[in-house]
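# Next comes the sequence, and after it the predicted model I'd like to discuss.
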Amino acid sequence: MKVGHALAALGAGLLANAPALAQPVDLPIPAATTSQYPSGVSIGSAGGVPVYVDAQGRTLYGMDMRVLLRAGADPSQYCRATCTAVWAPLLAPADAKPNIVFPMGFGDHRRPMPVPGGGSAAPAIARADPQAQMLQNQKAPDWTIIQGPEGPQWVYKGWHMVFVRKGDAPGSAAYDGAENMAWNTLKYVPPVPKVVAPANVSIAFVDGGYALVDNKGRLLFSGSCGNDCAGWRAFTGPLAGAGVGDWAVSHDADAPQWLYRGQPVFVAQGPAPADMPTGAKVLRP
């Protein structure tokens, strides 16, 4: 049975359990879906994790518009005056057409409508339901364009207006979580691989790469236990049935055991490498 599409969806959900890569807000950044980035943008490292960087290798930061709802009705216009003294937006080409509008999300080009009592000089913006905003922006491509205070600028994953900290050194993550989580390093989570595997196997992001886990989120591993096999619990397979993809079932022991690419598979006590016994190797897709 092919379950590649189901695993991709499960893998995306399991990213929420990857604290090293989670944005320090209420939701982690979803996995990337493209290797096409704005001009000058590439992948670097800061704070021990992969991040997007500019042409000078400086860490890109996402200004989380959800967090800044406390600062005003339209957080896409937040970075003005003193903010621009320390933060520079990642500008899109001057003639680029914005395709995301706060708070309606991606693909809706209407401007927000004034609500009663907003005043004539600065009308209040009708605030969309946060859950509805989240669902709408899950449809957004990785890179979209919004009309910022200094012109069209890049937005990542529908929420994070992209900036660089002026004077920042390459590799720095000094402002991650600054201003009560408004600013976060723009962390890179690679696309979820499509795999074919048993129905009780899914994907998690562990130690900088995707790993295979069981349906309880416990790491699967292979390796050699030598003379001490305590903690090496076999990942049992079906009594009858064929293999799938790189997976086969061995009946050489008392109970059937899954093999992955010819190697016996075992299941750890939990979701972290520390939950595996000595000599174990994380199973990677």
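Noted; the coordinates are in hand.
# so where do the helices sit in this structure?
Assigned by DSSP state H, the helices in the chain fall at 4-14, 82-86, 130-137, 178-181.
# List the contacts of the second one.
Contact with helix 82-86 is made by 149-150, 165-166, as judged by C-beta atoms under 8 Å, 6 or more residues apart in numbering. For the C-beta atoms, the positions are set from N, CA and C on the backbone; glycine is no exception.
# What backbone torsions are found at the nearest residue in space to Pro277 that is not next to it in sequence?
What sits nearest to Pro277 in space, not counting adjacent residues and going by C-beta to C-beta, 6 or more residues apart in numbering, is Gly231, at 3.7 Å. Gly231 has phi and psi values of phi 90, psi 0 when expressed as degrees, to the nearest 10.
# residues contacting Gly231?
269, 276-277.
# how is the protein carved up into domains?
Domain ranges of the chain: 1-17+191-271, 19-185, per automatic domain parsing.
# closest one to Leu283 among these?
Set against Leu283 and scored by C-beta to C-beta, those come closest in domain 1-17+191-271, at 4.3 Å.
# picking that back up, kindly reformat the contacts of helix 82-86 as CSV containing pLDDT and distance to Phe205.
Shown next, in CSV, are those (pLDDT from 0 to 100; distance: C-beta to C-beta, whole Å):
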residue, pLDDT, distance to Phe205
Pro149, 95, 35
Glu150, 96, 34
Arg165, 98, 26
Lys166, 97, 32
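# Out of those, which two sit at the greatest distance?
Pro149 and Arg165 (16.9 Å).
# and those two? which has more neighbours close in?
Counted by other C-beta atoms under 10 Å, Pro149 and Arg165 do not tie: Arg165 has more neighbours, with 19 against 15.
# okay, the closest residue to that one other than its chain neighbours: pLDDT?
Nearest non-adjacent residue to Arg165, counting by C-beta to C-beta, 6+ apart: Tyr175, 5.5 Å away. Looking at Tyr175, its pLDDT reads 95.
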